[in-house]
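Enquirer: Sequence first, then the predicted structure:
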Amino acid sequence: MPTDTQRLEVRKTYKLYIGGAFPRSESGRSYVVNNAKGKFLANASQASRKDARDAVVAARKAFGGWHERTAYNRGQVLYRIAEVMEGRHQQFSLEVSQSEGLSISKARAVVDASIDRWVWYAGWADKLAQVVGSSNPVAGPYFDFSLPEATGVVAVLAPQDSSLLGLTSVIAPAIVSGNTVVAVSSFERPLPAVTLGEVMATSDVPGGVVNLLTGSASEIGPWLASHDDVNAIDLCGITSDDEARDLEIAAAGNLKRVRRPAEEDWSADQGLSRLTQYLELKTVWHPIGV
Amino acid sequence: MSRFEYAPAPESRAIVDIKSSYGLFVNGQFVEATDGKPFKTVSPASEEVLAEVSEAGPADVDKAVRAARKAFDKVWGPMSGKDRAKYLFRIARLIQERARELAVLESLDNGKPIRESRDVDIPLVAAHFFYYAGWADKLEYAGVGDDPQPWGVAGQVIPWNFPMLMLAWKIAPALAAGNTVVLKPAETTPLTALAFAEICQQADLPPGVVNIVTGAGRTGQALVEHPDVDKVAFTGSTAVGRAIAKSVAGTHKAVTLELGGKAANIVFEDAPIDQTIEGIVNGIFFNQGHVCCAGSRLLVQESVYDEVLARLKRRMGTLRVGDPLDKNTDIGAINSAAQLAKIRELSQVGEDEGAERWSPECELPANGYWFPPTVFTGVSQAHRIAREEIFGPVLSVLTFRTPAEAVEKANNTPFGLSAGIWTEKGSRILWMANQLRAGVVWANTFNRFDPTSPFGGYKESGYGREGGRHGLEAYLAH
């Protein structure tokens, strides 16, 4: 009960983030999210197959505009995400602390690292083509060059353990090059993902570029893996070998680019591999002559 | 138009010495297959049996993979990059020395014109080995970190359309990166791969570094599914590529797939017309259209449609179909009876669905597998001949009015391997190149290949690149 000096807080409704809007699950389902000690935190929306499909439609619709933006512009938008996260530092720290059972000071360090990761990836936007593209000295009178280009819609089954830093580390490398993303958050630790969606909505990220679903990767994963309008899938949130194998088999239907689950240290510096995973290389030839 | 009469100008086949039968090349030796049966490889131009070849069974594949593993652990893995480079340079030189023989052998076994095997395939094979040889001692500059490592044993399965060139695309980067390989050539075109095995012997390449197992789909499956293969590389149909992607699911194997295509070749009204006609012909009739990146969907701007079609038909009338070993031949034999049946079937479907079929008058040899250069007009995007890969000398023609419509039609396919653009306007070329969802875009040219130039597809045309620094990356763990 509040006293005269203690204000009753306004709690947040945790919803999905699809196409720039915050719907509840079309299924009407929600599930209980507890903190690391088992105490009730919130009811999160439990995304369904149809929510995943809606998210893919939104992601596809956003793809053309996003990947045609200049690299400079995409870099600024990612940097803007970091700026807006900084303003919500306290909220993220509290949610990470509750979700992952970390002390508030350790949770703050995780949020610091997450924000810094957005900054790191933001800087890659206008350097990727120079680092991974090439001019090719073919044996003939042709100008021949290769440039990286986004592969399209990337489905991400985000890490189960690292609710914010892990999530950031799998979304940022996909969108910085112009892909759009449908991400399924950690099932037990979804709250930082929802708040990240709120950051996206206020950071000049066009609606549909990042779509965040809370719920079960095991339930939604197969629909994303077999979806013919998804170009790539990151399985890092799948903890069962059998499930990962089945998802990879489903992904073969339209030859998705698949990133298999692997041991990851989210606090370590990231290399280029997640960036290049979602890139296509396009080689262009033109004759040279007078 | 009166035709020039040509005297036949056949390349002599005396330069090749085809044995009556071949074993498998395992651990540096030709060995009998233990559990396989022999099969015959024929000349598609005459149906003459060229040789008997062993079909490797699972036990043979296992032996080859073991040999490759041992060579990787004991010899090739520990060897300095400098020495690996020198072996590859040696191989490149041996290929150049034996180029004429290899070209004739390729044309005999595959059916492609000697003009192409002599001037395109074999020179590119040597160039690929020469290019990747130079990478072997420079891997730390390949862009995958300071200490790049090979995967280990590579299992490679290649198609019949460019038998030795596809072998080079697979083996050269694999060996440069420090992997050892087991390669399965296509069932209908094993002979140049077996000649390559001899070249490995002449180069004193350590035993087990390269192993060649001949056979059909069953052999390929045994290789791809072998648990001790670390890296799978496949070029072929999207259907088989999909099956491979499924079979490696849940394993540690790295995979690259170079699959089918249905490339749009887009002609704008301001295109240089003579070059364009040659480009269209090269795009679809090069190698009998047995090219995954063939320009099989011609998109012509409406305003020049009549002129382009008239000129194209006139040019097609001058194409010479026949003996692959004749230096005058433009279009050789279809590679196999099965492929000929597929081309006939899809062409029939084209007619049944309402497209109009045209071929020039063209006398085809009595024996062997032949199909005349063919163009379909009145094709809609929904027609199967506009959607499926025919893999033969069959062109489907569609029209467009605006650049945006051209892009939409070009990208309306599950494939994304290549595309062509013909226009004099530079800014339009670059805009189109940006818009097209394809891995290789040829502007005012078509079907150009080079070892320095990465090649590979978007979407259902597969993943990974071959050629250039990017092709090397595919053989390095990262």
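Expert: Thanks, I have the structure now.

Enquirer: Would you agree B:Ala99 is in contact with B:Ala126?
Expert: Yes - counting by C-beta atoms under 8 Å, B:Ala99 sits close enough to B:Ala126 to count as a contact (6.8 Å). Bear in mind the C-beta positions are built from the backbone N, C-alpha and C, glycine included.

Enquirer: So between the two, which is more surrounded?
Expert: The residue with more neighbours, out of B:Ala99 and B:Ala126, is B:Ala126; 22 against 17, by other C-beta atoms under 10 Å in any protein chain shown.

Enquirer: got the contact list for the more buried one?
Expert: B:Ala92, B:Arg93, B:Ile95, B:Gln96, B:Ala99 (C-beta atoms under 8 Å, 6 or more residues apart in numbering or on different chains).

Enquirer: Give me the distance between A:Ala172 and A:Ala109.
Expert: With the distance defined as C-beta to C-beta, to the nearest Å, A:Ala172 ends up 18 Å from A:Ala109.

Enquirer: Return the residues of the stretch 151-300 of chain B in contact with chain A.
Expert: B:Thr238, B:Gly241, B:Arg242, B:Ala245, B:Lys246, B:Ala249, B:Gly250, B:Leu257, B:Leu259 (C-beta under 8 Å from any C-beta of the partner chain).

Enquirer: Nearest residue to the middle of chain B?
Expert: For chain B, B:Phe162 is the residue whose C-alpha lies nearest the centre (C-alpha atoms, centre = their mean; 4.1 Å).

Enquirer: out of everything not next to it in sequence, what's closest to it?
Expert: Spatial nearest neighbour of B:Phe162, chain neighbours left out: B:Asp121 (5.9 Å); criterion: C-beta to C-beta, 6 or more residues apart in numbering or on different chains.

Enquirer: what's around the one you found, how many residues?
Expert: 26.

Enquirer: That one belongs to a helix?
Expert: Yes - counting by DSSP: H, G, I helix; E, B strand; the rest coil, one finds B:Asp121 located in a helix.

Enquirer: Wait, it touches B:Met166, no?
Expert: No - between B:Asp121 and B:Met166 there is no contact under C-beta under 8 Å: 9.6 Å.

Enquirer: Do the strand or helix carrying A:Lys282 and chain B come into contact?
Expert: Using DSSP states H and E, A:Lys282 sits within strand A:279-287. Yes - applying C-beta under 8 Å from any C-beta, one finds strand A:279-287 touching chain B at A:Glu280, A:Leu281, A:Lys282, A:Thr283, A:Val284, A:Trp285, A:His286, A:Pro287.

Enquirer: can you pull the alpha-carbon coordinates of that strand into PDB?
Expert: Extracted in PDB, the C-alpha atoms of strand A:279-287 (Å, rounded to 0.1, in the frame of the first residue of the first chain):
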ATOM      1  CA  LEU A 279      25.900 -10.500 -46.700                       C
ATOM      2  CA  GLU A 280      25.800 -11.500 -50.300                       C
ATOM      3  CA  LEU A 281      28.600 -10.600 -52.500                       C
ATOM      4  CA  LYS A 282      27.700  -9.100 -55.900                       C
ATOM      5  CA  THR A 283      30.300  -9.000 -58.600                       C
ATOM      6  CA  VAL A 284      29.800  -6.500 -61.500                       C
ATOM      7  CA  TRP A 285      31.700  -6.700 -64.800                       C
ATOM      8  CA  HIS A 286      31.900  -3.900 -67.400                       C
ATOM      9  CA  PRO A 287      34.100  -3.700 -70.500                       C
END
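
Enquirer: In that strand, which residues are buried?
Expert: Within strand A:279-287, the residues scored as buried using 16 or more other C-beta atoms under 10 Å in any protein chain shown are A:Leu279, A:Glu280, A:Leu281, A:Lys282, A:Thr283, A:Val284, A:Trp285, A:His286.

Enquirer: what about the fourth one, distance to A:Ile171?
Expert: Spatial separation of A:Lys282 from A:Ile171 under the definition C-beta to C-beta is 24 Å.

Enquirer: Any stretches of the chain with poor pLDDT?
Expert: Picked chain A for this. Counting by pLDDT under 70, the ranges of chain A that qualify are A:1-3.

Enquirer: Chain B, not that one
Expert: B:1-4.

Enquirer: How about stretch A:178-185 and chain B, touching?
Expert: No - if you take C-beta under 8 Å from any C-beta as the test, stretch A:178-185 misses chain B, and the best it gets is 11.5 Å.

Enquirer: which residue does the stretch 51-200 of chain A bring closest to chain B?
Expert: Nearest residue of the stretch 51-200 of chain A to chain B: A:Val138, at 3.8 Å (C-beta to the nearest C-beta).

Enquirer: Secondary structure for the contacts of B:Ala126 - can I get that in TSV?
Expert: Below are those laid out as TSV (three-state DSSP):
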residue	secondary structure
B:Ala92	helix
B:Arg93	helix
B:Ile95	helix
B:Gln96	helix
B:Ala99	helix
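
Enquirer: For chain A, what's the nearest residue on chain B?
Expert: For chain B, C-beta to the nearest C-beta, closest residue to chain A: B:Gly250, 2.8 Å.

Enquirer: contacting residues for that residue?
Expert: Neighbours of B:Gly250 in contact, by C-beta under 8 Å, 6+ apart: A:Asp241, A:Asp242, A:Ala244, A:Arg245, A:Glu248, A:Ile249.

Enquirer: Mind giving me the ChimeraX command for buried ones among those residues?
Expert: Buried subset of the contacts of B:Gly250, written as a ChimeraX selection, criterion 16+ other C-beta under 10 Å:
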select /A:244,245,248,249
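
Enquirer: any chance of the contacts of B:Gly250 in CSV, plus distance to chain B and secondary structure?
Expert: Formatted as CSV, the contacts of B:Gly250 follow (distance: C-beta to the nearest C-beta, whole Å; DSSP: H, G, I helix; E, B strand; the rest coil):
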residue, distance to chain B, secondary structure
A:Asp241, 6, helix
A:Asp242, 8, helix
A:Ala244, 6, helix
A:Arg245, 3, helix
A:Glu248, 4, helix
A:Ile249, 5, helix
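
Enquirer: Of the contacts of B:Gly250, which pair is most distant in space?
Expert: Taking C-beta to C-beta as the measure, the contacts of B:Gly250 span a maximum distance of 12.7 Å, between A:Asp241 and A:Ile249.

Enquirer: one step back: of the residues of the stretch 151-300 of chain B next to chain A, which is the most crowded?
Expert: Using other C-beta under 10 Å as the neighbour criterion, B:Leu259 leads those with 27 neighbours.

Enquirer: Can you verify my assumption that that one contacts A:Leu255?
Expert: Yes - with contacts counted by C-beta under 8 Å, B:Leu259 reaches A:Leu255, the gap being 7.2 Å.

Enquirer: If you count contacts, what does the strand holding A:Lys282 end up packed against?
Expert: Helices and strands touching strand A:279-287, by 3 or more C-beta pairs under 8 Å, 6 or more residues apart in numbering or on different chains; DSSP states H and E, are helix A:128-132, strand A:142-150, helix B:426-435, strand B:440-443.
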